[in-house]
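Participant: okay, predicted coordinates and the sequence, questions at the end:
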Amino acid sequence: MREWIFASSSDAAAARGTAAARGGLPGWVKPLVFALAMVPLARLFVLGFTDSLGANPVEFVTRSTGAWALIMLCATLAVTPLRRLTGWNPLIRLRRMLGLFSFFYAALHFAIFLWLEHWFDMVALFDDVLQRPFVTLGFVALLLMVPLALTSNQAMIRRLGRNWQALHRLVYVIAALAVLHFWWHKAGKNDIGEPLMYGAAIALLLLARLLPSGRRR
Amino acid sequence: MQIRIRSPHEPQLSEVTPRAVYGRRREILRAGAAGLAWAGSGMAAAQAAGGSAGILRRPDAVPAAGQLSPLDATTSPLSTGEPATPYRDVTTYNNFSEFGTDKDDPARNAGSLKVRPWTVVVEGEVARARMFGIDELLKLAPLEERIYRLRCVEGWSMVIPWIGYPLSALIRQVQPTGNAKYIEFDTLADPKQMPGLRSSVLAWPYTEGLRLDEANHPLTLLTLGLYGETLPNQNGAPVRIVVPWKYGFKSGKSIVRIRFVEKQPVTSWNRTAPQEYGFYSNVNPRVAHPRWSQATERRIGEDGFLQRKRPTLMFNGYADQVASLYAGMDLRKQF
């Protein structure tokens, strides 16, 4: 059962960067994906310097970085299904970078909240985190991302071995929390179209893992 | 004659930049960057933005949805001396769910609203129920410019030069009976003109309400214009209500019906999320919204990127005038 749910052996091998995964990814792909993943941040700077962030710039950058954290998370979760679908294993080499970009945008999202919303007023911040469930969910999701980011390098993957994969399954919890965080933020207005979209995308990506993989090696 | 008593927390007039200059500071900054002299551009801006009768006029280059006509009004002593929020922000950052849920949706979509002919039905517990045409409403009482703070429940605020007159002038016309304890007012709900009605964000029509003494309070404004002109569609054309000491959603837009009733009305937001939006919804920094604190606010167009939010004032700074309406009430329970 483990075999077909998580395709664990091949995933772990790929993540460890063994020969199976090393070959095949052209050298320009990673820099290109890196550059593309920086575009949302670059856009905020361009809009900021041209006074085009709208009437409420802080709200704009908060929402933008939050949305991009979710999008990067979806991209991260899409790697494995895509790899199975296409049979193109080198895709796995993009997963760490996409995951780290999700963490990067989530951390920016939080930094903006901490700085521009609360001005490092820790009392006000923890009031929000403790009293407002939607903030709590986002905060927990970010906290859970920290160990994943810290253990994303080759050395940690080798050191943690089998535990690495168990730890990194936290990404499913993080995804659920992130969507709930967004949903709750929008819920007061009954305006749940967007959170539903992300929720459906993530549910689909998780379901795709339950299907037995077509190609067996 | 009204004597204006300035609250201690309001800035003195001498502290603020002249509005005409302030309202166009972005343009002025850009002009400065282009190498133009500050003084020259400031004077030009002041000439362009300053009206003859002290009424704030919008800068001409900024478009607005709908056909706007100039309105003549006298400056009301009930106005705040704080600098008005730039016209562009007032008319592009709006909550008007009938035209979409994003802040820029109303400015983009409200062009389809037909504001003439327009009638407002006034009915219910009144001796003289009747209908008012928009032209009649424009002439019912002398128009005043009231520069009010507007505090949105979402934690941002603006300062808007509204034009209108006290709602009490309209109420007098219809003579409420002894049974009239509350008024409720409906926003137009026409799916042909309002694309947002297709969504189930709220139960349409958008309904808001006030206690009769709140409705009769001199600050409660039947509003027909802003920045020296008739209302842009996205701001609730052609006629809306403005209650400056309550969160913005209490100030219904594009009003077509006012009903005088005996029982406290069920308002749209109250029906949708009763734990989040109470009937009174007075601005109150000490009563948090379940999803965020209400202690501070960001003044749109003014509290820039790297500025702290400012403290929110009890009753949005109108406590001296309205606190007595709520004497003896527990404002945590009656939020």
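Facilitator: Received the coordinates, thanks.
Participant: all helices for chain A, in order.
Facilitator: Assigned helices in chain A, in chain order: A:2-6, A:8-15, A:19-22, A:29-49, A:57-86, A:95-112, A:122-131, A:133-150, A:154-160, A:162-168, A:170-187, A:193-210 (criterion: DSSP state H).
Participant: nearest residue to the residue of chain B found nearest chain A in space, please, no chain neighbours.
Facilitator: Using CB to the nearest CB, the closest approach of chain B to chain A is made by B:Tyr93 at 3.5 Å. For the C-beta atoms, the positions are set from N, CA and C on the backbone; glycine is no exception. Excluding its sequence neighbours, the residue lying closest to B:Tyr93 (CB to CB, 6 or more residues apart in numbering or on different chains) is A:Ala55, at 3.5 Å.
Participant: I'd say that neighbour and B:Thr92 touch.
Facilitator: Yes - judged on CB atoms under 8 Å, A:Ala55 makes contact with B:Thr92 at a distance of 6.2 Å.
Participant: now do the shared contacts for those two.
Facilitator: When contacts are counted by CB atoms under 8 Å, 6 or more residues apart in numbering or on different chains, A:Ala55 and B:Thr92 have B:Lys103 as shared neighbours.
Participant: what about the closest residue to chain B within chain A, distance to B:Gly304?
Facilitator: Of all residues in chain A, A:Ala55 sits closest to chain B, with a separation of 3.5 Å (CB to the nearest CB). Relative to B:Gly304, A:Ala55 is positioned 12 Å away (criterion: CB to CB, to the nearest Å).
Participant: go on, B:Leu226?
Facilitator: Here the criterion is CB to CB. By it, B:Leu226 lies 23 Å from B:Gly304.
Participant: these two: which is more packed in?
Facilitator: Relative neighbour count places B:Leu226 above the other of B:Leu226 and B:Gly304, with 31 against 10, counting by other CB atoms under 10 Å in any protein chain shown.
Participant: contact partners for that one?
Facilitator: Contacts for B:Leu226 were tallied using CB under 8 Å, 6+ apart; they are B:Val90, B:Ile160, B:Pro161, B:Trp162, B:Ile163, B:Pro232, B:Asn235.
Participant: for B:Asp303, same thing?
Facilitator: Contacts of B:Asp303 by CB under 8 Å, 6+ apart are B:Lys309, B:Arg310.
Participant: what do you get for B:Asp190?
Facilitator: B:Leu197.
Participant: so what's it scoring on pLDDT?
Facilitator: Here the pLDDT value assigned to B:Asp190 is 96.
Participant: residues in chain A within reach of chain B, list them.
Facilitator: If contacts are counted using CB under 8 Å from any CB of the partner chain, the residues of chain A sitting beside chain B are A:48, A:51, A:53-59, A:116-117, A:119, A:124, A:127-128, A:131-135, A:184-185, A:188-191.
Participant: look at the residue lying closest to A:Val58 once chain neighbours are set aside and say how many residues are nearby.
Facilitator: The shortest distance from A:Val58 to any residue that is not its chain neighbour, by CB to CB, 6+ apart, is 4.7 Å, and that residue is A:Leu116. Per other CB under 10 Å, the neighbour tally for A:Leu116 reads 19.
Participant: got it, and B:Thr119?
Facilitator: 13.
Participant: ok, back up a step: need the contact list for the residue nearest to B:Tyr93.
Facilitator: In this structure, A:Ala55 makes contact with B:Arg88, B:Asp89, B:Thr92, B:Tyr93, B:Lys103, B:Ile300, B:Gly301, judged by CB under 8 Å, 6+ apart.
Participant: can you rerun that using 10 Å?
Facilitator: Contacts here follow CB atoms under 10 Å, 6 or more residues apart in numbering or on different chains; on that basis A:Ala55 touches B:85-86, B:88-94, B:103-104, B:156, B:158, B:300-301.
Participant: for stretch B:274-288, what is the distance to the chain centroid?
Facilitator: For stretch B:274-288, the distance between its averaged C-alpha position and the chain's averaged C-alpha position is 18 Å (CA atoms, centre = their mean, to the nearest Å).
Participant: restrict it to CA atoms and write it as CSV.
Facilitator: What follows is the C-alpha trace of stretch B:274-288 in CSV, where atoms were taken according to Å, rounded to 0.1, in the frame of the first residue of the first chain:
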residue,chain,number,x,y,z
PRO,B,274,-24.6,38.0,12.9
GLN,B,275,-21.6,37.3,15.0
GLU,B,276,-19.5,39.7,13.0
TYR,B,277,-21.9,42.6,12.2
GLY,B,278,-24.3,43.9,14.8
PHE,B,279,-27.2,46.2,14.1
TYR,B,280,-25.6,49.2,15.7
SER,B,281,-22.0,48.8,14.3
ASN,B,282,-20.8,52.0,15.9
VAL,B,283,-17.1,52.6,15.4
ASN,B,284,-15.6,51.3,18.6
PRO,B,285,-11.8,50.7,19.1
ARG,B,286,-12.5,48.6,22.2
VAL,B,287,-14.8,46.1,20.5
ALA,B,288,-12.8,43.9,18.2
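Participant: now the helix or strand B:Thr91 falls within: average pLDDT?
Facilitator: Taking DSSP states H and E as the criterion, the element that holds B:Thr91 is helix B:87-92. Confidence over helix B:87-92, taken as the mean pLDDT, stands at 94.
Participant: and if you look at stretch A:138-150?
Facilitator: Looking at stretch A:138-150 alone, the average pLDDT works out to 96.
Participant: for that stretch, buried residues please.
Facilitator: When burial is assessed from 16 or more other CB atoms under 10 Å in any protein chain shown, stretch A:138-150 yields the following buried residues: A:Gly138, A:Phe139, A:Val140, A:Ala141, A:Leu142, A:Met145, A:Leu148, A:Ala149.
Participant: residue contacts, B:Arg146?
Facilitator: Residues in contact with B:Arg146 (CB under 10 Å, 6+ apart) are B:73, B:75-80, B:160-166, B:219, B:221, B:223, B:226, B:242, B:244.
Participant: and those, which are buried?
Facilitator: Going by neighbour count (16+ other CB under 10 Å), the contacts of B:Arg146 have B:73, B:75-76, B:78-80, B:160-166, B:219, B:221, B:223, B:226, B:242, B:244 buried.
Participant: have a look at chain B and report the helix or strand with the lowest mean pLDDT.
Facilitator: helix B:38-49 (a mean of 41; mean pLDDT, DSSP states H and E).
Participant: past it, which element shows up next along the chain?
Facilitator: From helix B:38-49 onward toward the C-terminus, using DSSP H and E, the following helix or strand is strand B:74-75.
Participant: could you check the pLDDT of the spatially most central residue of chain A?
Facilitator: Ranked by distance to the mean C-alpha position of chain A (CA atoms, centre = their mean), the top residue is A:Leu73 at 2.5 Å. Note on A:Leu73: pLDDT of 96.
Participant: that one touches A:Phe103, doesn't it?
Facilitator: Yes - distance between A:Leu73 and A:Phe103: 9.0 Å, which falls inside the contact criterion (CB atoms under 10 Å).
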